[in-house]
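Visitor: generate coordinates for the sequence data below:
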Amino acid sequence: MEFLLAVDLGINTGLALFGSDGRLYWFRSKNFGSASRLRRAIPWLLNQEEDITTVIIEGGGPLLKIWDAEFNKRNLTVLRIMADQWRQEIFYQREYRNRKDAKENAKYYATKVIEKLSESGLTSLNENTAEAILIGLYGMKMLNWIDSINKTLR
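Guide: Numbering: from 1, shown residues only. Alright, predicted model coming up:
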């Protein structure tokens with residue numbers, strides 16, 4: 001089986017791991033506190049599952065360069081996206097008109113993904129983790145691991 005690691009890029013990073021079987025295996029967030037601590041943690045994060053074949057990462061700038069340095073050392077497919085790409089596919093336009101609405105709706109839809117695709121129950125869910133889950137859902141559609149995002153969400 002192949003695995004997709006979804007990353008909501010930031011010092012406070014959201015992460016979610018999906019399998020090619022369409023399941024959500026785990027989700028979490030981690031506040032690294034600084035770019036240097038994030039740099040040291042990336043190899044460990046990528047070693048969470050030995051079968052990670054693809055990473056989908058949302059964001060850009062200096063923090064993406066840190067991730068790219070590690071990606072270049074590994075045989076991974078990397079999908080680099082921006083928030084508008086997955087939001088247009090997952091949200092109705094009225095659901096992401098402003099940052100606050102987008103963040104709240106991310107939590108709402110991520111809860112639905114957890115209910116349908118994960119065997120573990122929902123504990124707590126912050127914005128970064130919620131967005132990583134939705135980024136991963138979008139990535140699974142890009143990889144043709146799922147037929148439809150709407151079947152999962154609605």
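
Visitor: so Val7 touches Phe27, yeah?
Guide: No: with contacts counted by Cβ atoms under 8 Å, Val7 stays clear of Phe27, the gap being 11.5 Å. Yep, even glycine has a C-beta here, placed from its N, CA and C like the rest.

Visitor: who has more neighbours out of these two?
Guide: Using other Cβ atoms under 10 Å, the more surrounded residue of Val7 and Phe27 is Val7, with 27 against 24.

Visitor: excluding chain neighbours, what is closest to the more buried one?
Guide: Using Cβ to Cβ, 6 or more residues apart in numbering and skipping residues adjacent in sequence, the residue nearest Val7 is Ile57, 4.3 Å away.

Visitor: could you give the number of residues near that neighbour?
Guide: The number of residues packed near Ile57 is 23, by other Cβ under 10 Å.

Visitor: and it, that's in a strand?
Guide: Yes: Ile57 sits within a strand when classified using DSSP: H, G, I helix; E, B strand; the rest coil.

Visitor: my guess is it meets Asp68, correct?
Guide: No: applying Cβ under 8 Å as the test, Ile57 and Asp68 come out as separate, 9.1 Å apart.

Visitor: shared neighbours, these two?
Guide: Val78 (Cβ atoms under 8 Å, 6 or more residues apart in numbering).

Visitor: list the contacts of the residue of the chain most remote from its centre.
Guide: Most distant residue from the mean C-alpha position of the chain: Arg94, 22.2 Å away (Cα atoms, centre = their mean). The neighbourhood of Arg94, defined by Cβ under 8 Å, 6+ apart, consists of Asp101.

Visitor: same thing but 10 Å
Guide: Residues counted as contacts of Arg94 (Cβ atoms under 10 Å, 6 or more residues apart in numbering) are Asp101, Asn105.

Visitor: distance check, it against Lys116.
Guide: Distance from Arg94 to Lys116, counting by Cβ to Cβ, to the nearest Å: 23 Å.

Visitor: is it true that the residue farthest from the centre of the chain lies in a strand?
Guide: No: under the criterion used here (three-state DSSP), Arg94 is helix, not part of a strand.
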